[in-house]
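1. fold the following, please.
(one chain, ligands or ions: 2)
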Amino acid sequence: MNTQETIIALSTPPGSGAIGVIRLSGPDAIRLTNEVFVGKDLEKQASHTLHFGLIKDGEQLIDEVVAGLFVAPKSYTKENVVEISCHGSNYIIQQIINLLIGKGARAAKPGEFTLRAFLNGAFDLSQAEAVADLIASNSKASHDVALQQMRGGFANELKGLREQLIHFASMIELELDFAEEDVEFANRDQLRNLVTKINYVLQRLISSFELGNVIKNGVPIVIAGKPNVGKSTLLNALLNEERAIVSDIAGTTRDTIEDELNIGGVVFRFIDTAGIRDTADIIEALGVERTLEKMKLAKLIIYMADASQTVPELDEQIRGLAKLEIPYLILLNKADLLSSEQRESFTALGVVFIAAKDKVGIDELKVTLLEQVNLHHINTNETLVTNIRHVEALKQTETALQRVLQNVDNPVTSDFLAMDIKQALHYLGEITGTVTTDDLLENIFTKFCIGK
Ligand code: GDP
Ligand code: ZN
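-> Ligands and ions are numbered 1, 2, ... in the order given. Down below sits the predicted model:
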């Protein structure tokens with residue numbers, strides 16, 4: 001990666017807008033801009049200042065712009081950065097970018113600004129990934145969590161622990177150097193305490209992924225029930241649009257349909273399942289494979305029935321459902337068709353009555369959903385892991401440290417001890433980017449858009 005090159009890209013979304021911001025980063029960012037900028041001499045201006053001027057290609061005026069200067073190392077990338085705010089026409093933007101490429105800048109690759117920031121030590125890898133999450137966040141909760149990670153919450157937590165482990169690793173290395181003399185530089189009690197403490201933190205971080213993932217990707221809710229009870233109608237009512245196909249013919253919904261809905265700042269992902277076949281044994285019925293797979297991922301199953309089932313039948317279905325050990329909510333739909341006797345007989349099963357077609361009970365259902373998933377007291381000051389790559393690395397760190405705990409009292413295994421500690425350090429380092437490979441970096445940064 002050649003950071004001597006100056007890169008350029010549009011940093012606002014493509015298409016026309018009131019303004020477009022073109023960003024340059026690299027040693028020549030200010031000098032190159034100065035070559036096409038008519039106004040003050042930008043190379044003589046202070047950092048963090050804005051300058052009005054013209055962009056000209058020879059005698060040809062392209063646009064009136066404002067150039068923002070950020071002198072290295074006080075910028076996002078820690079390099080010289082210029083942000084040119086121009087009028088947001090595609091034509092102008094392309095003209096300016098081409099002009100500067102002609103002067104020696106290079107078109108930036110996806111995520112290259114953030115990659116440079118990482119390479120120049122502006123933040124660690126987990127923070128860089130949080131930038132991507134922040135851009136993609138679509139709810140208050142996912143925004144909060146990404147912001148917290150970007151500001152280093154996650155990284156800080158690991159940094160101190162990693163430093164203490166490094167200390168022990170070097171002590172044990174020292175012991176190996178003095179192997180004949182049978183000395184012990186690394187106090188085994190302290191090591192055991194530290195590893196126990198680290199594992200405790202690791203476990204907390206690993207288990208935070210369940211919540212972190214839900215916040216980032218949405219709470220998965222499966223809508224299940226026999227054909228024709230009104231699952232698609234409910235989905236439409238929740239989403240307020242004709243997303244799923246509603247019909248009178250049993251088994252119309254052949255595939256699962258997913259859609260997202262933001263309720264009270266939490267994103268829910270609703271999954272309408274393929275119609276479950278008519279069989280008394282719900283467990284067997286749930287064996288419709290794809291449905292079962294989806295169900296296992298669900299945070300909550302909304303099981304829907306209507307009055308075409310008798311009370312004993314529904315009772316049996318609920319029993320089957322309970323065996324899945326996933327929280328569930330039983331909705332009795334088509335309440336508009338129920339006689340008061342029917343209503344009363346179903347009440348004993350603890351069902352919630354709705355009439356999806358007329359949107360009766362939908363708002364109450366939304367409130368219930370929020371309560372059920374119990375996310376309304378998210379503490380975003382606490383570190384949440386939202387990234388599958390991080391969880392994997394944390395789990396591998398933990399495995400290595402478990403081996404350290406097993407060997408810590410065994411005097412003949414100092415080399416194993418050293419090896420396992422190094423392993424643990426390696427995996428911890430992968431999270432923050434102290435240990436990286438080009439593949440890993442490419443994998444992460446190509447997920448960004450160009451200009452970020
Ligand atoms: P699914 O197979 O479970 O997805 O069922 P659908 O959503 O396709 O609905 C099946 C039929 O039930 C359709 O004709 C809907 O209009 C009807 N339906 C859905 N909700 C209600 C309701 O609250 N009351 C009444 N009377 N009919 C409903
Ligand atoms: Zn359906």
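2. only C-alpha atoms from now on, for both contacts and neighbour counts.
-> Noted.
3. in the stretch 151-300 of the chain, what spans have low per-residue confidence?
-> Counting by pLDDT under 70, the stretch 151-300 of the chain shows low-confidence ranges at 153-154, 179-183, 241-257, 273-296.
4. gap between V201 and ligand 2?
-> Distance, V201 to ligand 2, by C-alpha to the ion, to the nearest Å: 44 Å.
5. got a list of what G361 touches?
-> By C-alpha atoms under 8 Å, 6 or more residues apart in numbering, the contact set of G361 is F353, I354, A355.
6. strands paired with the longest strand seen in the chain, and their directions?
-> In the chain, with assignment by DSSP state E, the single longest strand is strand 60-70. Here the strand partners of strand 60-70, with direction, are listed using DSSP bridges: strand 49-57 (antiparallel), strand 81-87 (antiparallel).
7. and the last one, what's buried?
-> Within strand 81-87, the residues that count as buried by 16 or more other C-alpha atoms under 10 Å are V81, V82, E83, I84, S85, C86, H87.
8. ok, the first one next?
-> Counting neighbours by 16+ other C-alpha under 10 Å, one finds that the buried residues in strand 49-57 are L50, H51, F52, G53, L54, I55, K56, D57.
9. taking the stretch 1-150 of the chain, what residue is nearest to ligand 2?
-> With distances taken as C-alpha to the ion, the stretch 1-150 of the chain approaches ligand 2 most closely at N138, which sits 27.0 Å away.
10. burial of that residue, as a residue count?
-> N138 has 18 neighbours, counted by other C-alpha atoms under 10 Å.
11. leaving out the residues flanking it, which one is nearest to it?
-> For N138, the nearest residue in space outside its immediate sequence neighbours is V267; the separation is 7.8 Å by C-alpha to C-alpha, 6 or more residues apart in numbering.
12. partners of the helix or strand that contains the one you found in the sheet?
-> Secondary-structure assignment from DSSP states H and E places V267 in strand 266-272. Partner strands and pairing direction for strand 266-272 (DSSP bridges) are strand 219-225 (parallel), strand 257-263 (antiparallel).
13. most tightly surrounded among those?
-> Ranked by mean neighbour count under mean count of other C-alpha atoms under 10 Å, the strands paired with strand 266-272 are led by strand 219-225, which reaches a mean of 26.
14. what's the next secondary structure element after that strand?
-> Tracing the chain C-terminally past strand 219-225 and defining elements by DSSP H and E, one meets helix 231-239 next.
15. alpha carbons of that next one, in CSV - could you do that?
-> Output in CSV follows, covering the C-alpha atoms of helix 231-239 (Å, rounded to 0.1, in the frame of the first residue of the first chain):
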residue,chain,number,x,y,z
LYS,A,231,-49.9,-14.7,8.8
SER,A,232,-49.3,-12.7,5.6
THR,A,233,-52.1,-10.3,6.5
LEU,A,234,-50.5,-9.7,9.9
LEU,A,235,-47.1,-9.1,8.2
ASN,A,236,-48.7,-6.5,5.9
ALA,A,237,-50.5,-4.9,8.8
LEU,A,238,-47.2,-4.6,10.7
LEU,A,239,-45.4,-3.3,7.7
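16. that helix to strand 266-272, inter-axis angle?
-> Helix 231-239 and strand 266-272 are oriented at 160 degrees to each other (axes from the mean of the first three to the mean of the last three C-alpha atoms, to 10 degrees).
17. returning to that earlier point: go through the strands paired with strand 60-70 and name the closest to V65.
-> Proximity to V65, assessed across these by C-alpha to C-alpha, is greatest for strand 81-87 (4.7 Å).
18. angle of the next helix or strand after the closest one against strand 81-87?
-> Past strand 81-87, further along toward the C-terminus, the next helix or strand under DSSP H and E is helix 90-103. With the same axes, to 10 degrees applied, the angle from helix 90-103 to strand 81-87 works out at 150 degrees.
19. immediately after helix 90-103, which helix or strand?
-> strand 106-107.
20. hey, what's the residue nearest to N138 bridged with?
-> Beta-bridge partners of V267, as defined by DSSP bridges: N262.
21. what does the helix or strand where G429 lies contact?
-> In this structure, G429 is located in helix 414-432 according to DSSP H and E. Contacts to helix 414-432, defined as C-alpha under 8 Å, 6+ apart, come from residues 124-127, 155, 158, 162, 165-166, 169, 172-173, 175-176, 389-390, 393-394, 396-398, 400-401, 403-404, 407-408, 435-436.
22. buried sites along it?
-> Buried residues in helix 414-432, defined by neighbour count with 16+ other C-alpha under 10 Å: 414, 417-432.
23. pick out the residue of the stretch 301-450 of the chain closest to ligand 2.
-> Scanning the stretch 301-450 of the chain for proximity to ligand 2 using C-alpha to the ion identifies M304 as nearest, at 11.2 Å.
24. same deal with the stretch 101-250 of the chain?
-> Counting by C-alpha to the ion, the stretch 101-250 of the chain gets nearest ligand 2 through S232, at 4.0 Å.
25. where does the residue lying closest to R151 once chain neighbours are set aside land in three-state SS?
-> If the residues on either side of it in the chain are set aside, R151 comes closest to Q127, at 6.9 Å by C-alpha to C-alpha, 6+ apart. Judged by DSSP: H, G, I helix; E, B strand; the rest coil, the three-state class of Q127 is helix.
26. check the burial of Q127 by counting its neighbours.
-> Residues near Q127, counting by other C-alpha under 10 Å: 26.
27. how long is stretch 323-338 from one end to the other?
-> Its first and final residues considered, stretch 323-338 spans 29 Å by C-alpha to C-alpha, to the nearest Å.
28. do stretch 32-46 as well
-> For stretch 32-46, the separation between the terminal residues is 16 Å (C-alpha to C-alpha).
29. now that stretch: average pLDDT?
-> Per-residue pLDDT over stretch 32-46 has a mean of 97.
30. which parts of it are buried?
-> If you call a residue buried by 16+ other C-alpha under 10 Å, then stretch 32-46 has these buried ones: L32, T33, N34, E35, V36, F37, V38, L42.
31. find the helix or strand that L24 is a member of.
-> Counting by DSSP H and E, the element that carries L24 is strand 19-25.
32. next: L369.
-> Secondary structure (DSSP H and E) places L369 in helix 362-373.
33. who does the nearest residue to D336 once chain neighbours are set aside bridge with?
-> With C-alpha to C-alpha, 6+ apart as the criterion, D336 has its nearest non-adjacent residue at 6.2 Å, and that residue is A355. For A355, the residues forming beta bridges with it (DSSP bridges) are V360.
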